[in-house]
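1. Mind folding the following:
(2 chains)
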Amino acid sequence: MEKNTVLSLRGLVKQFDNVTILDGIDLDIRQGEVAVIIGPSGCGKSTLLRCINALEPVQGGEILLEGEPVAAGGKNLPRIRQKIGMVFQSYDLFPHLTVMDNITLSPRKVQKRSREDAEQEARELLARVGLSDKEKSYPRELSGGQKQRVAIVRMLIMHPEILLFDEVTAALDPEMVREVLDVMLDLAAQGRTMLIVTHEMNFARAVADRVIFMDEGRIVEEGAPDDLFDHPKTERAGAFLNMFTFESVRA
Amino acid sequence: MDAAVLHEYLPLYAKAALLTIRLGLLGVLLSILTGLFCAAVQYLKIPLLRIIVRVYIELSRNTPLLIQLFFIYYGLPKIGIRTDPAVCGVAGLTFLGGSYMAEAFRSGLEAIPPIQEESALSLGMTRIQAAVHVILPQALSVSVPAFVANVIFLLKETSVFSAVSLMDLMFTAKDLIGLYYDTTEALFLLVVFYLLMLLPVSILGSIVEKKVRYAGFGT
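-> Numbers count the residues shown, from 1 in each chain, chains lettered A, B, ... in the order given. Here you go, the predicted structure:
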């Protein structure tokens, strides 16, 4: 393992009822790297993210975060999960809490930080994503894009080592996609370590240091975004990327 | 209807109402605790206990309170467990109410999508922390309407307490009718006292229901 590797997956196997979802995934994510996973629906990319913070138990292989194993049921799991930030596709804010309480709940309860301390940092982060005026709002009063930005803040306040994004714009109306992607671009520019699953190909090209193409539970091809998008080496990646381009039909 | 008779009966009914309220509320309280315990066992899928809880819930929900009371009052002494009427009444009400409360809480818990727990866990919370701070507040607010309906249902069920010779409202009314044949007055007061007991509970329930809709469920 390289010295500055944050996350390391070795031969990861995930099965649901004898159906193999992940079929031996090897992956290293370096400090400060932004890796984007693309691939057809059902290829296992979302499952992969869920396995990384042990929301799904794996049937084989290992996950190392800064050299420490991540395993479902492990006693250290809550502590390790603090280092793995995750934002989901569906709006998963806690509906019974205000934006401020959504953000400060885990720093206060998990990290035992004082309310003042947590709220001060929450305000700084909210300002950075342009939501300073929403701290007293409830999630139901926010748009989808605003909810996802709050979800990102709620993850950031735990100071995670790596950020996982699971199709965070897939459920958004098109005009709200941009505001969320801009926040993610900003995080990438700050040098955060990120692993992103997305269907936004233009965004992937712009944000990624490395693009990983997955199909049928395996990593089929990976490389720099320009190489992979413009000159895919495998037929499967080429066929997948072709679905996103349109020939002109004008006569 | 004779006002003098009503006036004369009033203290007897008041006394009976107090007994009904005392035993009823105690029964409701113990039902809530039993229900929370059963719902927790089912939510956490604790092996073995889960089966026992399931059997208890089906047994409790599919037999009438009157029969349950008879079983406790007349049946248990046969195996050496003798209880006085008040204990028997509260035990019966708890046996019945525990399962209804358990089902109310369980439906609340099941209404919360798994992603809520998963996001709490991914923020580093333990399962207990996720349950206390994220799942329970939402689940309880979902179960409030069923919960309030159960409280009213259980307080009404206290009317069978007279079967184990508890001097509750029903007992008092039947007793007075048997003694003086003032049927109209006796039954009128019975209705009035049950209403006086239950209307405040209903009103309080509606207020609570409105209050806990903060989470925007169903909107």
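
2. Report the separation between residue A:172 and chain B.
-> For residue A:172, the distance to chain B (CB to the nearest CB, to the nearest Å) stands at 16 Å. Every residue, glycine included, has its C-beta placed from N, CA and C.

3. Also residue A:50?
-> 8 Å.

4. Look up which helix or strand that residue falls in, please.
-> Counting by DSSP states H and E, the element that carries residue A:50 is helix A:45-52.

5. same question, residue A:192
-> Applying DSSP H and E, one finds residue A:192 in no helix or strand.

6. which residue packs closest to it, ignoring adjacent ones?
-> residue A:163 (5.8 Å; CB to CB, 6 or more residues apart in numbering or on different chains).

7. Please identify which helix or strand holds that neighbour.
-> Assigned by DSSP H and E, residue A:163 falls in strand A:162-166.

8. do residue B:8 as well
-> helix B:3-43.

9. what angle do the helix or strand that that helix is followed by and helix B:3-43 make?
-> Using DSSP H and E, the helix or strand that follows helix B:3-43 towards the C-terminus is helix B:49-61. Computed by axes from the mean of the first three to the mean of the last three CA atoms, to 10 degrees, the angle separating helix B:49-61 from helix B:3-43 equals 160 degrees.

10. still on that earlier bit, now do the strand holding residue A:163, average pLDDT.
-> Across strand A:162-166, the average pLDDT comes to 95.

11. Over to stretch A:20-29?
-> 93.

12. Centre of the chain to the helix holding residue B:8, how far?
-> How far helix B:3-43 lies from its chain's middle: 8 Å, per CA atoms, centre = their mean, to the nearest Å.

13. And for stretch A:138-146?
-> That offset, for stretch A:138-146, works out to 20 Å (CA atoms, centre = their mean).

14. ditto for stretch A:9-23
-> Distance, centroid of stretch A:9-23 to centroid of chain: 20 Å (CA atoms, centre = their mean).

15. Show me which positions of that stretch end up buried.
-> Within stretch A:9-23, the residues scored as buried using 16 or more other CB atoms under 10 Å in any protein chain shown are A:9, A:12-14, A:20-23.

16. which helices and strands sit right next to the longest helix anywhere in chain A?
-> In chain A, ranked by residue count with DSSP state H as the criterion, the top helix is helix A:174-189. Secondary-structure packing of helix A:174-189 (3 or more CB pairs under 8 Å, 6 or more residues apart in numbering or on different chains; DSSP states H and E): helix A:144-156, strand A:194-197, helix A:201-207.

17. who's the residue nearest to residue A:192 bridged to?
-> For residue A:163, the beta-bridge partners are residue A:85, residue A:194 (DSSP bridges).

18. Tabulate the buried residues of stretch A:9-23 (JSON lines), appending distance to chain B and secondary structure.
-> Formatted as JSON lines, the buried residues of stretch A:9-23 follow (distance: CB to the nearest CB, whole Å; DSSP: H, G, I helix; E, B strand; the rest coil):
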{"residue": "A:9", "distance to chain B": "17", "secondary structure": "strand"}
{"residue": "A:12", "distance to chain B": "18", "secondary structure": "strand"}
{"residue": "A:13", "distance to chain B": "21", "secondary structure": "strand"}
{"residue": "A:14", "distance to chain B": "16", "secondary structure": "strand"}
{"residue": "A:20", "distance to chain B": "22", "secondary structure": "strand"}
{"residue": "A:21", "distance to chain B": "17", "secondary structure": "strand"}
{"residue": "A:22", "distance to chain B": "18", "secondary structure": "strand"}
{"residue": "A:23", "distance to chain B": "24", "secondary structure": "strand"}
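
19. Could you list the low-pLDDT ranges of chain B?
-> Within chain B, the stretches with pLDDT under 70 are B:213-219.

20. what stretches of chain A score poorly on pLDDT?
-> In chain A, residues with pLDDT under 70: A:1-3, A:247-248, A:251.

21. Quick check: residues of it near chain B?
-> Of all the residues in chain A, those in contact range of chain B (CB under 8 Å from any CB of the partner chain) are A:53, A:55, A:78-79, A:81-82, A:84-86, A:88, A:90, A:92, A:94-96, A:105-106, A:109-111, A:138-140, A:151, A:154-155, A:158.

22. Just the buried subset of the residues you listed, please.
-> Listed as buried from the residues of chain A next to chain B are A:53, A:55, A:78, A:81-82, A:84-86, A:88, A:90, A:92, A:94-96, A:105-106, A:109-110, A:138-139, A:151, A:154-155, A:158; burial here means 16+ other CB under 10 Å.

23. For the helix or strand encompassing residue B:201, what is the distance to the chain centroid?
-> In this structure, residue B:201 sits in helix B:183-211 according to DSSP H and E. On the basis of CA atoms, centre = their mean, helix B:183-211 sits 15 Å off its chain's mean C-alpha point.

24. again, but for stretch B:37-44
-> The chain centre lies 18 Å from the centre of stretch B:37-44; the measure is CA atoms, centre = their mean.

25. next one: stretch A:182-190
-> With CA atoms, centre = their mean, you get 13 Å for stretch A:182-190.

26. Same question for stretch A:121-134.
-> 21 Å.

27. Stretch A:175-184 now?
-> Offset of stretch A:175-184 from its chain centre (CA atoms, centre = their mean): 14 Å.

28. Could I get the buried residue list for it?
-> Neighbour-count burial for stretch A:175-184 [16+ other CB under 10 Å]: A:176-177, A:179-181, A:183-184.

29. for stretch A:37-48, same thing?
-> Here stretch A:37-48 shows A:37-40, A:43-48 as buried, counting by 16+ other CB under 10 Å.

30. Also stretch B:125-144?
-> Quick answer for stretch B:125-144 (16+ other CB under 10 Å): B:125-126, B:129-131, B:133-144.

31. Intersect these with the contacts of chain A.
-> B:125-126, B:129, B:133-134, B:137-138, B:141.

32. Wait, residue B:41 touches residue B:47, no?
-> No: contact criterion CB atoms under 8 Å: residue B:41 and residue B:47 do not qualify, at 9.9 Å.

33. between those two, which one's more packed in?
-> The residue with more neighbours, out of residue B:41 and residue B:47, is residue B:41; 20 against 7, by other CB atoms under 10 Å in any protein chain shown.

34. re the thing from before, would CSV of the ones next to chain A among the buried residues of stretch B:125-144 with distance to residue B:191 and secondary structure be doable?
-> Converted to CSV, those look like this (distance: CB to CB, whole Å; DSSP: H, G, I helix; E, B strand; the rest coil):
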residue, distance to residue B:191, secondary structure
B:125, 51, coil
B:126, 52, coil
B:129, 49, helix
B:133, 45, helix
B:134, 45, helix
B:137, 38, helix
B:138, 39, helix
B:141, 33, helix
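
35. Greatest separation within those: which pair is it?
-> B:126 and B:141 (22.4 Å; CB to CB).

36. So what does residue A:62 look like in phi/psi?
-> Backbone torsions of residue A:62, given as degrees, to the nearest 10, read phi -140, psi 160.

37. On the three-state scheme, the residue lying closest to it once chain neighbours are set aside is what?
-> Excluding the flanking residues, the one nearest residue A:62 by CB to CB, 6+ apart is residue A:10, at 5.0 Å. Classification of residue A:10 using DSSP: H, G, I helix; E, B strand; the rest coil returns strand.
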